[in-house]
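Q: Structural data only, the sequence is not supplied:
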């Protein structure tokens with residue numbers, strides 16, 4: 001869709017300079033921009049590439065001299081990157097599902113499908129499922145029995161939603177998402193070696209005779225709030241008895257794993273390859289960096305941030321910034337790492353001191 005520069009600025013509550021009537025049809029990096037694109041030069045280091053492209057219009061940072069950059073117009077916002085979220089939504093061509101219900105889709109007679117819903121080929125909608133208005137469900141999706149899917153949901157290809165899952169409005173699931181699979185919950189007839197190791201912190205293994213694992217079935221399901229997004233191939237397991245719960249506004253990156261009985265608060269950001277073990281509780285506005293691991297049954301307080309590959313093995317108070325394995329306050333971890341790097345030099349210095357102090361008898 002094409003827009004005038006002034007239309008874009010008005011929609012984004014941004015300021016426009018120059019010719020606001022120029023028509024824009026796309027967004028591009030400065031070096032690759034065509035004459036009909038708006039170039040994303042939101043910092044001076046990006047603006048240096050404007051001469052390599054053909055952009056007439058750019059999104060700039062506050063105080064930028066748009067005329068000196070050879071532009072015919074510019075859009076300026078106090079926080080350009082945040083404004084980009086609105087701009088990208090305006091020009092996104094999306095990978096939308098063709099309107100209507102594909103003839104190969106299978107919808108059980110007891111299911112309720114809302115108004116203006118699109119359902120792609122080879123998708124199945126189970127018994128008593130409820131699909132909200134304006135939902136877009138891609139090809140080869142599976143919606144289990146008793147599922148409730150809110151308004152304006154967007155499910156990409158091959159999304160699977162298990163039985164009795166409840167999902168709020170404006171849900172987004174990228175390709176391969178699985179919600180409502182069984183939790184990873186198994187038990188042995190006798191106390192297992194794993195349990196002994198956990199309780200004794202590795203000092204005792206107990207009987208190491210091989211034991212068979214028995215499944216604890218997932219009787220619960222999953223409850224997901226409004227405005228939640230799950231990245232490609234991420235998984236949310238059903239609860240053992242009560243539901244696994246994800247609050248409003250949570251955004252999960254690709255390949256994230258949320259275990260059974262986990263509770264996640266509102267507006268959390270969960271980056272790629274994060275694993276949250278069963279029955280962990282995550283507060284509000286928490287950010288978990290890529291490959292963070294959260295141990296089972298621990299609590300992570302509100303506004304906690306973890307750096308990449310952090311392993312959280314115990315409760316974390318609200319507001320902490322954590323890093324490392326095991327997780328510790330980031331500043332302490334950095335100091336510890338600095339000290340670790342100094343150890344070889346320290347050992348060399350100690351050896352020199354030992355040599356100087358403990359000289360062989362009779363030598364000076």
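A: Sure, I can see it. Here the structure is a predicted model, which is why all the values come from computation and not from measurement.
Q: Going by C-alpha atoms from here, please, whenever you check contacts or count neighbours.
A: Fine.
Q: wait, isn't residue 103 in contact with residue 121?
A: Yes: using Cα atoms under 8 Å, residue 103 is in contact with residue 121, at 7.1 Å.
Q: Between those two, which has more neighbouring residues?
A: Neighbours of residue 103 and residue 121, each counted by other Cα atoms under 10 Å, are more numerous for residue 121; the result is 19 against 11.
Q: Please name the nearest non-neighbouring residue to the more buried one.
A: Excluding its sequence neighbours, the residue lying closest to residue 121 (Cα to Cα, 6 or more residues apart in numbering) is residue 139, at 4.8 Å.
Q: Can you tell me the element residue 296 falls in?
A: Counting by DSSP states H and E, there is no helix or strand that carries residue 296.
Q: now the closest residue to it other than its chain neighbours: how far from residue 349?
A: In space, and not counting its chain neighbours, residue 296 is closest to residue 277: 4.5 Å by Cα to Cα, 6+ apart. Distance, residue 277 to residue 349, using Cα to Cα, to the nearest Å: 44 Å.
Q: In terms of neighbours, single out the busier of those two.
A: More neighbours surround residue 277 than the other of residue 277 and residue 349, with 21 against 12 (other Cα under 10 Å).
Q: and the longest helix seen in the chain, what does it pack onto?
A: Counting residues, the longest helix in the chain under DSSP state H turns out to be helix 330-357. Judged by 3 or more Cα pairs under 8 Å, 6 or more residues apart in numbering; DSSP states H and E, the packing partners of helix 330-357 are strand 321-323.
Q: Which strands or helices does the strand it packs on pack on?
A: Contacts defined by 3+ Cα pairs under 8 Å, 6+ apart place strand 321-323 against strand 305-306, strand 328-329, helix 330-357.
Q: in the longest one, what counts as buried?
A: Right, the one you point to is helix 330-357. Buried residues in helix 330-357, counted by 16 or more other Cα atoms under 10 Å: 330, 333.
Q: mean confidence for it?
A: For helix 330-357, the per-residue pLDDT values average out at 90.
Q: and it, how far from the chain's centre?
A: On the basis of Cα atoms, centre = their mean, to the nearest Å, helix 330-357 sits 39 Å off its chain's mean C-alpha point.
Q: for stretch 143-162, same thing?
A: Taking Cα atoms, centre = their mean, one finds stretch 143-162 lying 19 Å from the centre of the chain it belongs to.
Q: Could you do stretch 160-180 as well?
A: Remark: stretch 160-180 is offset 15 Å from the chain centroid, using Cα atoms, centre = their mean.
Q: Contacts only, for the spatially closest residue to residue 79 that is not a sequence neighbour.
A: Excluding the flanking residues, the one nearest residue 79 by Cα to Cα, 6+ apart is residue 61, at 7.6 Å. Going by Cα atoms under 8 Å, 6 or more residues apart in numbering, residue 61 touches 41, 42, 43, 44, 76, 77, 78, 79, 80.
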